[in-house]
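Engineer: just need the structure, nothing else, for what follows:
(2 chains)
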Amino acid sequence: MNATTSNTMKRRILKVCIVTLITVGAGISQGFAAKKDYLPPERVPEPENNKTTPERVELGKSLFFDPRLSGSNWISCGTCHNPALAWSDSLPTAIGVDMKVLGRSTPTILNVAYNKHQFWDGRSGTLEHQATGPIQADGEMAQDMPSLTRELVNIKGYLPLFEKAYPGEGISEETIGKAIAAFERTVVSNYNTPFDRWLRGDESAISAAAKRGFELFDGKARCNLCHMGHNFQDDGFHNIGLPNNTDDGRYAIKKVKVLKGAFKTPTLRNITKTAPYMHNGVYSTLEDVIKHYDKGGIAKANLSPTMKPLNLTASETQDLEQFLFTLDEEAKEFPLPVLPN
Amino acid sequence: MTRNVISCLMFLILTVAAFQASAIDYTVKQLDKAFVMDGKRIGKFEVKLGDIIHFENQDPWFHNIFSLSDTKTFDLGSYPKGESRAVTFDKAGKIEIECAIHPGMFMEVDVK
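Structural biologist: Coordinates of the predicted model:
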């Protein structure tokens, strides 16, 4: 081998090394960037006027599970947002006062602390405001607030709880809402699902199929255009073309055409435990849901332009489903409070 | 009489031309679900009558910029990354602007 040939070989080897390094480096940085977007937040947000304290959480927990907050005295917040059912009710749509079937499903309250807009149509901007909505809604708990505050004043055990939680503020719609919101801010992910452990570097935490599913989620299947970030939602509203939907959704709040039939993007955490799916509970299984997106939606009226056919193969559908399974929180018992008398 | 009419017309044409010539075009980007101008998130912005703002989507998802303000209502519809829609601010007052899809995006334009 002469000197010229040797130099040429060296240059080729160097070139191959550089290309390999760039390719591997780009792969790592691209993967890392995608995974980084799903890392948990540093803290649970809380408003200045309702900082979370143990006393506020204790009061809020009692109020949340107290059926005396309803007009009939037999429905509590926890009746629909049942901790034994992943803070939902396993029904297609909720059941309210007098066993009346309502038009929308019960969303889990897991991670509502991170939502910028509450309810399926986003009509509340704060948890404090949201908390007293279902109490007063005619079809839900059907309780007027002046009657409720009088009722709670007459339950002796509540007065010291309110005084400890909100000294000098008394029992009012405002303090009831604040206390329930403080409790709800404690119902958050522990970020220890198989997916979260994989994010932290445990390669064995999820299967190869689930990893392929995550790539699809972040790529071909386009799920991440709405289900983004640690809570897998975008604080956004979309008409995803559901069958049998006659509900205007967000349009009732904001009269903008794109919002007709649009609903808030829900979290995907604990997704296997919160079936049936969608605001109208139209799908029973995750496979049904993936098929819906694969078709680019069913009802085409005012369909979000984000919705497009995905052309997923059968194995890609399974991989996607396997990924969604990794978002399940570990099941744990939840102790109910002893209510004041 | 004819000369007076012509003079008036000329004055009007010149006034409109001067008004149009002084109008400024601004670009407000939609980036990371925020309104961004010159690399910074923007909450309030002042423009002069006749100025134009181009709302340019730089996010990988759709945005739908609109206003339902008393001063001016508009709905730019949904548009993807790389596309832009323009609004001419032709009436003085404060105009609240949002994205319908992502209501966390909000800015106020004060037209002077």
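
Engineer: residues of chain B that sit close to chain A?
Structural biologist: With Cβ under 8 Å from any Cβ of the partner chain as the criterion, chain B comes near chain A at residues B:33, B:60-62, B:64, B:66, B:68, B:75, B:77-78, B:80, B:98, B:100-104. To be clear about C-beta, it is placed using only N, CA and C from the backbone, and glycine gets the same treatment.

Engineer: 7 Å - rerun?
Structural biologist: Counting by Cβ under 7 Å from any Cβ of the partner chain, the positions of chain B adjacent to chain A are B:60-62, B:64, B:66, B:68, B:75, B:78, B:100-104.

Engineer: would you map the helices across the chain?
Structural biologist: Just so you know, I chose chain A. Using DSSP state H, the helices of chain A run over residues A:3-36, A:54-64, A:77-80, A:127-131, A:133-136, A:145-153, A:158-165, A:173-184, A:194-199, A:208-217, A:286-294, A:314-325.

Engineer: not quite, go with chain B.
Structural biologist: Taking DSSP H as the test, the helices found in chain B are B:2-22.

Engineer: as JSON lines, the helices of chain A with mean pLDDT, distance to chain B and mean neighbour count would be great.
Structural biologist: Listed next are the helices of chain A as JSON lines, based on pLDDT from 0 to 100; distance: least, Cβ to the nearest Cβ, whole Å; neighbours: other Cβ atoms under 10 Å in any protein chain shown:
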{"stretch": "helix A:3-36", "mean pLDDT": "42", "distance to chain B": "12", "mean neighbour count": "10"}
{"stretch": "helix A:54-64", "mean pLDDT": "98", "distance to chain B": "25", "mean neighbour count": "22"}
{"stretch": "helix A:77-80", "mean pLDDT": "98", "distance to chain B": "25", "mean neighbour count": "22"}
{"stretch": "helix A:127-131", "mean pLDDT": "97", "distance to chain B": "15", "mean neighbour count": "22"}
{"stretch": "helix A:133-136", "mean pLDDT": "97", "distance to chain B": "18", "mean neighbour count": "19"}
{"stretch": "helix A:145-153", "mean pLDDT": "97", "distance to chain B": "27", "mean neighbour count": "15"}
{"stretch": "helix A:158-165", "mean pLDDT": "98", "distance to chain B": "30", "mean neighbour count": "18"}
{"stretch": "helix A:173-184", "mean pLDDT": "98", "distance to chain B": "19", "mean neighbour count": "24"}
{"stretch": "helix A:194-199", "mean pLDDT": "97", "distance to chain B": "21", "mean neighbour count": "20"}
{"stretch": "helix A:208-217", "mean pLDDT": "97", "distance to chain B": "14", "mean neighbour count": "19"}
{"stretch": "helix A:286-294", "mean pLDDT": "97", "distance to chain B": "15", "mean neighbour count": "18"}
{"stretch": "helix A:314-325", "mean pLDDT": "98", "distance to chain B": "19", "mean neighbour count": "19"}
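
Engineer: hang on, the earlier thing: among the residues of chain B next to chain A, name the buried ones.
Structural biologist: B:61-62, B:64, B:66, B:68, B:75, B:78, B:100-103 (16 or more other Cβ atoms under 10 Å in any protein chain shown).

Engineer: can you name the two of those residues that sit furthest apart?
Structural biologist: Using Cβ to Cβ, these span at most 22.2 Å, a distance reached by B:61 and B:68.

Engineer: contact partners for the closest residue to chain B within the stretch 151-300 of chain A?
Structural biologist: Of all residues in the stretch 151-300 of chain A, residue A:256 sits closest to chain B, at 4.2 Å by Cβ to the nearest Cβ. Taking Cβ atoms under 7 Å, 6 or more residues apart in numbering or on different chains as the contact definition, residue A:256 lies against B:64, B:66, B:75, B:100.

Engineer: my read is that the third one contacts residue A:257, right?
Structural biologist: Yes - under the criterion of Cβ atoms under 7 Å, residue B:75 makes contact with residue A:257 at 6.3 Å.

Engineer: returning to that earlier point: can you redo the residues of chain B next to chain A as a markdown table with pLDDT?
Structural biologist: Compiled in a markdown table, the residues of chain B next to chain A are given as follows (pLDDT from 0 to 100):
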| residue | pLDDT |
| --- | --- |
| B:60 | 95 |
| B:61 | 96 |
| B:62 | 97 |
| B:64 | 98 |
| B:66 | 98 |
| B:68 | 97 |
| B:75 | 98 |
| B:78 | 98 |
| B:100 | 98 |
| B:101 | 98 |
| B:102 | 98 |
| B:103 | 97 |
| B:104 | 95 |
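
Engineer: now chain B against chain A: closest residue?
Structural biologist: Ranking the residues of chain B by distance to chain A (Cβ to the nearest Cβ) places residue B:100 first, at 4.2 Å.

Engineer: wait, what's in contact with that residue?
Structural biologist: A:254, A:256, A:258-259, B:64, B:66.

Engineer: if you set the cut-off to 10 Å instead, what comes out?
Structural biologist: Under the criterion of Cβ atoms under 10 Å, 6 or more residues apart in numbering or on different chains, the neighbours of residue B:100 are A:236-237, A:250-251, A:254-259, A:262, B:62-66, B:68, B:75-78.

Engineer: pull the helix or strand with minimum mean pLDDT from chain B.
Structural biologist: Averaged element by element with mean pLDDT, DSSP states H and E, chain B has its least confident helix or strand at helix B:2-22 (a mean of 55).

Engineer: from what I can see residue A:277 touches residue A:263, true?
Structural biologist: No - distance between residue A:277 and residue A:263: 11.8 Å, which falls outside the contact criterion (Cβ atoms under 10 Å).

Engineer: between these two, what contacts are shared?
Structural biologist: In terms of Cβ under 10 Å, 6+ apart, residue A:277 and residue A:263 are both contacted by the residues residue A:242.

Engineer: which one of the two has more residues nearby?
Structural biologist: Set side by side, residue A:277 and residue A:263 show unequal neighbour counts under other Cβ atoms under 10 Å in any protein chain shown, the larger going to residue A:263 at 26 against 20.

Engineer: which strand residues bridge the more buried one?
Structural biologist: With DSSP bridges applied, the residues forming beta bridges to residue A:263 are residue A:238.

Engineer: what's near enough to touch it?
Structural biologist: A:104, A:107, A:119-122, A:236-240, A:242, A:245, A:247-250, A:278-280.

Engineer: can you check what pLDDT the model gives it?
Structural biologist: Reported pLDDT at residue A:263 in the predicted model: 98.

Engineer: ok, residue A:206 next?
Structural biologist: The predicted structure lists residue A:206 with a pLDDT of 98.

Engineer: pretty sure residue A:86 sits against residue A:110.
Structural biologist: Yes - in this structure, residue A:86 sits in contact with residue A:110. The criterion is Cβ under 10 Å, and the distance is 6.8 Å.

Engineer: which neighbours do these two have in common?
Structural biologist: Shared contacts of residue A:86 and residue A:110 (Cβ under 10 Å, 6+ apart): A:269-270, A:273-274, A:329.

Engineer: max pairwise distance over the residues you listed: which two?
Structural biologist: Checked with Cβ to Cβ, the shared contacts of residue A:86 and residue A:110 reach their widest spread between A:274 and A:329, with 11.0 Å between them.
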